[in-house]
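Engineer: Based on what follows, work out the 3D shape:
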Amino acid sequence: MCGIVGYIGYREAYPILVKGLHRLEYRGYDSAGVALLKKDGELNVYKEKGKVCNLEQLVESKDTSGEIGIAHTRWATHGEPSRLNAHPHVSQNGKLALVHNGIIENYASLKTFLESKGFTFKSSTDTEVLVQLIQFIQDEYNKDLEGAVVSALRRVTGAYAIAVIDKDFPDKIVVARNSSPLVIGIGEDYKEFFFASDALPIVEYTNQMIYLNDGEVALLKLGQKVEIHNLDNEDIDPKIKEVDINLDSLEKGGYDHFMLKEIYDQPRCIADCMRGRLLPKEKRIVLSAINQHREKLLRAKRFIIVACGTSWHAGLIGKQFIEQWCQIPVEVEYASEFRYRKPVIMSGDVVIAISQSGETADTLAA
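Structural biologist: Predicted coordinates for the structure are as follows:
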């Protein structure tokens, strides 16, 4: 599961980006990279296969200055794990750098089109196709960065959270999302902006957040309020939320690995989840979703659980519990397969979707 971190403001971007990448390591990844842009328009891109610490070793003797930057941890989809396939990807003219979570499903036809226009590709990724498409639209139709991004995304089929920087405009970043999460953090008086795949990497710096919705594109420009548009160029009123996250929960808490921490956190997490729902003194259980659908659940002939990754494993545990205590058959399916086949679902079936984040694209599609 890929991760994005970005910054624009008055501080040096690199330390913020690297710390953010470390806080996204729980997602799992195979390569990492950063793109740093100086006020004079100099763009430096550094990428490395493996862990974030490998990237840090690579850039020890490099120029990491700049107050604007984007960073990424990649989980390989199109193309093997390698430095070439790692993000950020740069346009053919060297002006644009882009990071991307998700999958561009029609990348092959777009790539063929761009090759017919003289573009060449260094990587095997769908992401490089997108940054080249944005350059093509800029050049062909004389559009600014925001306009080119919107036009490119109208031609794209698939899931994405993206961030794009342009050497010609070292005071702004364009970000967008569709079926892949992206949150924007707002600094005091709009003197700086942060953004990431989730709030964890940036909550240290601000608790004022905007969660982008599907099909929205945001312009982050220093000293100005966030401008958000949809793909039809309609203005969207930004909704700023105050986020409260305990910073201690972001760290390993003395454990060698996040996995160990998560294992030992489970009793507390379960207790926290059930707080306010299990009321032993009143001999009462409060589960509103269960109560709202009580009759349908009582009539259920079969449960189908759809999920991905660790949520799929949680579904297997749920299967055991439901079959043991309710004596109702349960099937557990990978959402990524369920969404593309034609399952037989009867009127007495109940489908339960499980997602780690509420944002899992395959689960939403399923």
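
Engineer: Spit out the contact partners of residue 104.
Structural biologist: Listed by C-beta atoms under 8 Å, 6 or more residues apart in numbering, the contact set of residue 104 reads 110, 126, 127, 129, 130, 156, 157, 158, 160. (Each C-beta comes from the backbone N, C-alpha and C, glycine too.)

Engineer: of those, the lowest pLDDT goes to which?
Structural biologist: Least confident by pLDDT among the contacts of residue 104: that is residue 158, with 88.

Engineer: for that one, what are its contacts?
Structural biologist: Per C-beta under 8 Å, 6+ apart, neighbours of residue 158: 102, 103, 104, 105, 106, 107, 126, 178, 179.

Engineer: Can you give me the separation between it and residue 2?
Structural biologist: 13 Å (C-beta to C-beta, to the nearest Å).

Engineer: Can you check my assumption that residue 272 lies in a strand?
Structural biologist: No: read with DSSP: H, G, I helix; E, B strand; the rest coil, residue 272 is helix and lies in no strand.

Engineer: Count the residues that sit near it.
Structural biologist: 10 (other C-beta atoms under 10 Å).

Engineer: Phi, psi for the spatially closest residue to residue 158 that is not a sequence neighbour please.
Structural biologist: Distances taken as C-beta to C-beta, 6 or more residues apart in numbering place residue 105 nearest to residue 158, at 4.0 Å, with adjacent residues excluded. With angles defined as degrees, to the nearest 10, residue 105 sits at phi -70, psi -30.

Engineer: Tell me how the chain divides into domains.
Structural biologist: The chain breaks down by automatic domain parsing into domains covering 3-244, 276-365.

Engineer: Centre of the chain to the last one, how far?
Structural biologist: In terms of C-alpha atoms, centre = their mean, to the nearest Å, the centre of domain 276-365 is found 25 Å from the chain centre.

Engineer: start to end distance for it?
Structural biologist: This stretch, domain 276-365, spans 31 Å end to end (C-alpha to C-alpha, to the nearest Å).

Engineer: The longest one too?
Structural biologist: Its first and final residues considered, domain 3-244 spans 21 Å by C-alpha to C-alpha.

Engineer: residue ranges with poor pLDDT in the chain?
Structural biologist: For the chain, the stretches with pLDDT under 70 are 1, 247-251.

Engineer: So what touches the helix or strand where residue 321 lies?
Structural biologist: Residue 321 is part of helix 310-326 when elements are defined by DSSP states H and E. With contacts defined as C-beta under 8 Å, 6+ apart, helix 310-326 is touched by 303, 305-307, 328-332, 334-335, 352, 354-356, 360, 363.
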